[in-house]
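Have a look at this prediction, sequence included:
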Amino acid sequence: MAAKDLEIDTSTLVKKPKKTLQHTHDNLLRKIAIPTIYCPGCGIGTTINAFLEAITKYTIVPHDNILVVSGIGCSGRASGYVNLDGFHALHGRAIPFASGVEIARPKMKPVIISGDGDLFSIGLGHLAHAARRNIDMTVICVNNAIYGLTGGQDAPTTPVGAKSRTTPYGKISFPFNLSHVAIANGATFCARYTVYEFIQLAKAIGRGMTHQGFSFIEVISNCHVNFGRRNNLGDSIAMRKMFKKVRVPMKEEDIGLDIRKTDIKYEVGKGFTRIPTGIFLNERDKPEEFSERIIDAYEFNK
Amino acid sequence: MEVHQHPEKKHYIVTDETRCKGCGLCIEFCPKNCLGFSDVLNEKGWRVSKMHRMKDCIKCYMCERMCPDFAIFVDESDVPKKK
Ligand SMILES: Cc1ncc(C[n+]2csc(CCOP(=O)(O)OP(=O)(O)O)c2C)c(N)n1
Ligand code: SF4
Ligand code: SF4
Ligand code: SF4
Ligand SMILES: [Mg+2]
């Protein structure tokens, strides 16, 4: 590029804009809490952005009916940043809280935004049973392969060989494939995208929310501070470039019953080498969702 | 807030230095290489994102979508409507 091109062009600067310009989603943000506590470049912010994009553009659920619930963790702070009804639950207990709301008020649409550690270690039992019952809720799980908030301990998603604070010589046990776990337990909609694929992610969240029943969306996010740094994956830019390179778009037909095809691959020294993304499951002739079944049973016995 | 308007397309790109944390994601992923860092630090001490060459902007929204901190956005309110 010529040196002239790299000069700063100030001719387009508008000194006094005629009106106040604001971010598309500013009305959906709790401005008092912004800037977020997240490290610069953290993928959780992008996930929140995609969620707000989804509820404004890609779903018909009215904003008054949305309830954002989260557990504990960096991802768990999401409910505090959005200007919607919400609750910051105990560690791992976002789903039980949301289940209660959904059963008492079937019109409400709980959206759970929480971390891999929150939903899949301490909260795994709750997730499994909510999926089994097909409770009408959308779970957005921010998978950064680590416990971010507490300083980088290994999570059930940390790949074999990866270093963390609690696995200084490399992890030896096998990680969960979160989408696999959700589908095996009975989720009726399941998608996975990386933070790099913003529009696909927003559309998947929108579809998941429109879907009646338990929908699970896994977001592969960058925790460059606690995961990337210990494993030589670089900063947020390097990690997102890696996501861009290694993602493998997949369709429901490609996967069939062999959900193992969606496994994430990781190599020590190289980082992630394969991240299948896409909509993995969308059950059209799905079983009835839980609150409908409760209402049916009640009417039947009356 | 720093506002730039494209001379022909009429859309704005706004960078909010009170929110930006200088992660550089918008700068890196802008396909037209329009953005760069500022020379001055913001009040929290970050070197923030700044529009360098607005005339190259193609209104692709990549910067807005990549930003984790809602600190940069595209505004199309003054773009003339196509008939
Ligand atoms: C009952 C209980 N046990 C342990 C903790 C400590 N703790 C806080 S956050 C967290 C894990 C968070 O990991 P994750 O859900 O992956 O969130 P991230 O920070 O990675 O987004 C743990 C173990 C706690 N707050 N409460
Ligand atoms: S510790 Fe990791 S997950 Fe938490 S804000 Fe920082 S980069 Fe994000
Ligand atoms: S809209 Fe696209 S071209 Fe314009 S500054 Fe943002 S990323 Fe660059
Ligand atoms: S992506 Fe957002 S926070 Fe990062 S440098 Fe750009 S405007 Fe600032
Ligand atoms: Mg985590």
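It's in. Residues are numbered from 1 along each chain as shown, chains lettered A, B, ... in the order given. Ligands and ions are numbered 1, 2, ... in the order given.

For the stretch 1-150 of chain A, give me the ranges with low pLDDT.
A:1-6 (pLDDT under 70).

Check chain B too.
Within chain B, the stretches with pLDDT under 70 are B:83.

which residues of it fall in strands?
Ranges of strands within chain B are B:2-5, B:12-15, B:35-41, B:47-51, B:72-75, based on DSSP state E.

How about whatever residue of chain B ends up closest to chain A: what's its closest non-neighbour residue?
Taking Cβ to the nearest Cβ as the measure, chain B has residue B:68 as its residue closest to chain A, at 2.6 Å. Glycine gets a C-beta too; all of them are placed from N, C-alpha and C. If you skip the residues right next to it in sequence, residue B:68 has residue A:45 as its closest partner in space, 2.6 Å away by Cβ to Cβ, 6 or more residues apart in numbering or on different chains.

next one: residue B:35
The shortest distance from residue B:35 to any residue other than its chain neighbours is 4.5 Å, reached at residue B:27 (Cβ to Cβ, 6+ apart).

residue contacts, residue 76?
Unless you meant another one, I'm taking chain A. For residue A:76, the contact set (Cβ atoms under 8 Å, 6 or more residues apart in numbering or on different chains) comprises A:70, A:88, A:94, A:113-115, A:118, A:149.

meant chain B actually
In this structure, residue B:76 makes contact with B:11, B:59, judged by Cβ under 8 Å, 6+ apart.

ditto for residue A:24
By Cβ under 8 Å, 6+ apart, the residues touching residue A:24 are A:53, A:56, B:64, B:73.

these two touch, right, the first one and residue A:25?
Which is residue A:53. Yes - when contacts are counted by Cβ atoms under 8 Å, residue A:53 is listed as touching residue A:25 (7.2 Å).

Based on its surroundings, how many neighbours for the closest residue to residue A:113 other than its chain neighbours?
Taking Cβ to Cβ, 6+ apart as the measure, residue A:113 lies nearest to residue A:78, with 4.0 Å between them; neighbours along the chain are not counted. Burial of residue A:78, expressed as a neighbour count using other Cβ atoms under 10 Å in any protein chain shown, amounts to 28.

Over to residue A:156?
Counted by other Cβ under 10 Å, the residues lying close to residue A:156 total 18.

For it, give its distance to ligand 1.
Shown here: residue A:156 relative to ligand 1, a distance of 9 Å by Cβ to the nearest ligand atom, to the nearest Å.

What of residue A:144?
Plainly put, residue A:144 is 5 Å away from ligand 1 if you go by Cβ to the nearest ligand atom.

gap between the closest residue to that residue other than its chain neighbours and residue A:123?
The spatially closest residue to residue A:144, leaving aside those adjacent along the chain, is residue A:223, at 3.8 Å (Cβ to Cβ, 6+ apart). Counting by Cβ to Cβ, to the nearest Å, the separation of residue A:223 from residue A:123 is 18 Å.
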